[in-house]
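K.L.:
Take a look and give me a structure for this.
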Amino acid sequence: MNTLKNFEAIFVVALGLACAATYVFDAKPVVASAPARSLPAQVASVAPDMQVVVVSAKRLNAAQKKQLLQDERKLLSNSTI
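P.N.:
Sure, this is the predicted structure:
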């Protein structure tokens, strides 16, 4: 009967223990990976643990952008029918 009276306290304590266990078991050691070989030396030396995405693609000119947007609008208008 005493357990039913103190159920809220027991629940709060159990929740606190679950949160503490989450922090303990979820903490993984950070392994420093080797920097990518395609990155410039200055980027690799400044932030060796930061992930860097290198995009190698040509930029579209204004006419190509306009054509691409028109194609997307046409495709979207046909798909909503």
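
K.L.:
do you know how far Gly16 is from Thr22?
P.N.:
11 Å (Cβ to Cβ, to the nearest Å). C-beta: built from backbone N, CA, C; applies to glycine.

K.L.:
next one: Val55
P.N.:
36 Å.

K.L.:
With neighbour numbers in mind, choose between the two.
P.N.:
Per other Cβ atoms under 10 Å, whichever of Val55 and Thr22 has more neighbours is Thr22, with 10 against 4.

K.L.:
what does the model give that one for pLDDT?
P.N.:
pLDDT recorded at Thr22 is 87.

K.L.:
so what pLDDT did Asn61 get?
P.N.:
94.

K.L.:
before we move on, what about the one 10 residues further on?
P.N.:
Looking at Asp71, its pLDDT is 94.

K.L.:
Sticking with it, tell me its helix or strand.
P.N.:
Applying DSSP states H and E as the criterion places Asp71 in helix 62-79.

K.L.:
for Val12, same thing?
P.N.:
Judged by DSSP H and E, Val12 forms part of helix 7-26.

K.L.:
Touching that helix from outside, list them.
P.N.:
Helix 7-26 is contacted from outside by Thr3, using Cβ atoms under 8 Å, 6 or more residues apart in numbering.

K.L.:
quick one: buried residues of it?
P.N.:
When neighbours are counted by 16 or more other Cβ atoms under 10 Å, no buried residue of helix 7-26 is found.

K.L.:
before we move on, back to that, helices or strands next to the helix holding Asp71 in the packing?
P.N.:
Judged by 3 or more Cβ pairs under 8 Å, 6 or more residues apart in numbering; DSSP states H and E, helix 62-79 is in contact with no other helix or strand.

K.L.:
So what touches that helix?
P.N.:
Leu60.

K.L.:
Can you give me the buried ones in it?
P.N.:
Quick answer for helix 62-79: no buried residues (16+ other Cβ under 10 Å).
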